[in-house]
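> Sequence and predicted structure below; questions after.
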Amino acid sequence: MGVSGLKDTWDGQLETLDDLSEAVHYNRWIYGMMKPYLGSKVIEIGCGIGNMTGLLAQGRDVLGIDIHPGYVKKARSKFKNNKNISFRVVDMGKKFPSFNSFKPDTIVCINVFEHIQADRLFLKECLKLLPPRGRILIFVPALPSLFGSMDSSYGHFRRYDKDDLIGKMKGVGFSVLKCRYLNLLGVLGWWWNGKVLKKAIVPKSQILIYDKIIQWIAPVEKWLPKPIGLSLFCAGVKL
């Protein structure tokens, strides 16, 4: 797949990001979970090609950050006319800039922490970026037992369980406002594709099918207790 600014080799993660850009209901579902906790100045770490950026920027200033120059170039092109959205290429896994000129009150990390080997240290640096009462919103893959070929292909170091994520959040100084499993239906699909069929990426057809049904499942799932799920959502605040 040839994308300006990216090396001309197949990039499974980019292919999935492109597929997810068409998953309108799925993206709105994630945004809906985060919306009550968002402030007015949001840093989106791991913004990719900007699938969530436009939603986060509804009435807010957003600084999107990603390690991949090609992804950022594509996101900049998509939002070139949005004055409240800016982007930077930064490897946050190696060094955290100060962002003094932006002064974020919220950090959003959607499917990012599983790519960070030293995730506890990363959380500490996130804490330093925020003012008192600043918030961090994390969406990560759940259930270590589901780790399979697709996790390896996407460059995941781990999948999380609820107690582990809460422990790491509290361990660095965040107070946890909410943490719950999500997407119970997706557990079977990930297990089948990643553990049985050994696929490299989530098939686009399945992404689009799930996007059609999530709009009906999400309102019901919101009120159901879920002992497990494909993903975890966690909201924390700096006291």
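Noted; the coordinates are in hand. Residues are numbered from 1 along each chain as shown.
> Quick one: mean pLDDT over stretch 120-129.
Across stretch 120-129, the average pLDDT comes to 95.
> List the buried residues in that stretch.
122-124, 126-127, 129 (16 or more other CB atoms under 10 Å). Bear in mind the C-beta positions are built from the backbone N, C-alpha and C, glycine included.
> Switch those over to CSV; also include distance to Lys168 and secondary structure.
Listed next are the buried residues of stretch 120-129 as CSV, based on distance: CB to CB, whole Å; DSSP: H, G, I helix; E, B strand; the rest coil:
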residue, distance to Lys168, secondary structure
Phe122, 10, helix
Leu123, 6, helix
Lys124, 10, helix
Cys126, 11, helix
Leu127, 11, helix
Leu129, 17, helix
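> so which of the residues you listed comes closest to Tyr160?
Closest approach between the buried residues of stretch 120-129 and Tyr160, by CB to CB: Leu123, at 12.1 Å.
> gap between the longest helix seen in the chain and the chain center?
For the chain, the helix that runs over the most residues, judged by DSSP state H, is helix 204-221. Centroid separation between helix 204-221 and its chain, computed with CA atoms, centre = their mean, to the nearest Å, is 18 Å.
> who touches stretch 193-213?
Stretch 193-213 has contacts (CB atoms under 8 Å, 6 or more residues apart in numbering) with 12-13, 15-16, 19-20, 22-26, 146-151, 153-154, 185-186, 189-190.
> Can I get it in PDB, CA atoms only?
Output of stretch 193-213 as PDB, limited to C-alpha atoms (Å, rounded to 0.1, in the frame of the first residue of the first chain):
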ATOM      1  CA  ASN A 193      -9.400 -14.900  14.000                       C
ATOM      2  CA  GLY A 194      -6.300 -14.600  16.200                       C
ATOM      3  CA  LYS A 195      -6.100 -17.800  18.100                       C
ATOM      4  CA  VAL A 196      -7.700 -20.300  15.700                       C
ATOM      5  CA  LEU A 197      -7.200 -19.000  12.200                       C
ATOM      6  CA  LYS A 198      -4.000 -17.100  13.000                       C
ATOM      7  CA  LYS A 199      -4.900 -14.100  10.900                       C
ATOM      8  CA  ALA A 200      -2.500 -11.100  10.800                       C
ATOM      9  CA  ILE A 201      -5.200  -8.400  11.000                       C
ATOM     10  CA  VAL A 202      -9.000  -8.000  11.600                       C
ATOM     11  CA  PRO A 203     -10.800  -8.600   8.200                       C
ATOM     12  CA  LYS A 204     -12.400  -5.500   6.900                       C
ATOM     13  CA  SER A 205     -15.600  -7.300   6.200                       C
ATOM     14  CA  GLN A 206     -15.900  -8.100   9.900                       C
ATOM     15  CA  ILE A 207     -15.100  -4.600  10.900                       C
ATOM     16  CA  LEU A 208     -17.900  -3.200   8.700                       C
ATOM     17  CA  ILE A 209     -20.400  -5.900   9.900                       C
ATOM     18  CA  TYR A 210     -19.600  -5.100  13.500                       C
ATOM     19  CA  ASP A 211     -20.000  -1.400  12.800                       C
ATOM     20  CA  LYS A 212     -23.500  -2.000  11.600                       C
ATOM     21  CA  ILE A 213     -24.600  -3.900  14.700                       C
END
